[in-house]
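Asks: Let me see the structure of the following:
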Amino acid sequence: MPRPRKKKLPTPKTTYYDVISIGAHPDDVEVGSGGVLCKLADKGYRVGIILLTEGEMGTGGTPAVRRKEADQAAAIMGAKIVKRFNWGDTRLMDTYQHRVQIARLIRRYKPRLIFAPHWEGFTGRRQSHPDHLAAGRIVMNGANLASLVKLRGPHEVHRIGGLYHYFMPSGINPSFVVDISEYFDQWMSALAAHKSQFLNPKKTRDYMWSLETMARSFGARIGVRYGQGFVSADPLRIDNPMSLIQGDQVP
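Replies: Model prediction:
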């Protein structure tokens, strides 16, 4: 008797995104790239978010609470959460399986740019949280896999235009800083949506003040009020060096 044929699963629909920011925890994207996402969404770019864990080990909130907060923050930024994973808060690992899943999402959504945490660190806290480092490596390796013809899957090979990292470790200079001054209030509103993390009365640290200070520090480096900085692991390709000159600066 012939074996019954397996039903072919439908190919997931391709939805194109200009920019996708990837975070290990539900608030990472906002902290590291939220102001830039606000700016890009306002300029008409399609912006998406991928979260690798539910943030269940955070001092405040539950997975359900943090999911709601992340949805609210995404709406404020003009972004859409395109995928959530439950890969384990404080247990996130750069495995081949995780790389493949990210590669398949990259092929499905075909982003031109990706933001992700930096892949190196020293202290094991905040910017150098092990989950952040693992997320950076997963995304780097997943982006590479997405460009390989021999990785099988329902979507065509996709090579991203750029991968830029936030949460830089101490001593690392940004490759570039984006002026977010006009979008500062919107960014702060997105951060404030994560009440369990940044407005939790059980916490003694003033996180909102710290994040504003960080944005002021980046902004000061390029002569604006507020900024967000990123590192590129690869040299930035510039066709015309004159495009680097902003405003009415005179050489």
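
Asks: now residue 108: how far from residue 146?
Replies: From residue 108 across to residue 146, the span is 10 Å (Cβ to Cβ, to the nearest Å). For every residue, glycine as well, the C-beta is placed using N, CA and C.

Asks: Ok, residue 197 next?
Replies: For residue 197, the distance to residue 146 (Cβ to Cβ) stands at 31 Å.

Asks: And residue 198, by the same measure?
Replies: Taken as Cβ to Cβ, the spacing of residue 198 relative to residue 146 amounts to 33 Å.

Asks: More neighbours: which of those two?
Replies: Set residue 198 next to residue 146 and count neighbours by other Cβ atoms under 10 Å: residue 146 wins out with 26 against 23.

Asks: hang on, isn't that one packed against residue 140?
Replies: No: look at residue 146 against residue 140 with Cβ atoms under 8 Å: they stay out of range, at 11.0 Å.

Asks: Quick check: neighbours shared by the two?
Replies: Taking Cβ atoms under 8 Å, 6 or more residues apart in numbering as the contact rule, residue 146 and residue 140 have no neighbour in common.

Asks: Tell me which other helices or strands the longest helix along the chain touches.
Replies: Across the chain, the helix with the greatest residue count (assigned by DSSP state H) is helix 130-146. Identification of packing neighbours for helix 130-146 by 3 or more Cβ pairs under 8 Å, 6 or more residues apart in numbering; DSSP states H and E yields strand 19-23, helix 96-109, strand 113-117, strand 162-166.

Asks: strand partners of the last one, parallel vs antiparallel please.
Replies: Spelled out, that is strand 162-166. In the sheet containing strand 162-166, the strands it pairs with under DSSP bridges are strand 113-117 (parallel), strand 227-232 (antiparallel).

Asks: What's the first helix or strand after that strand?
Replies: The C-terminal neighbour of strand 162-166 among helices and strands, as given by DSSP states H and E, is strand 176-179.

Asks: With that, I have no additional questions.
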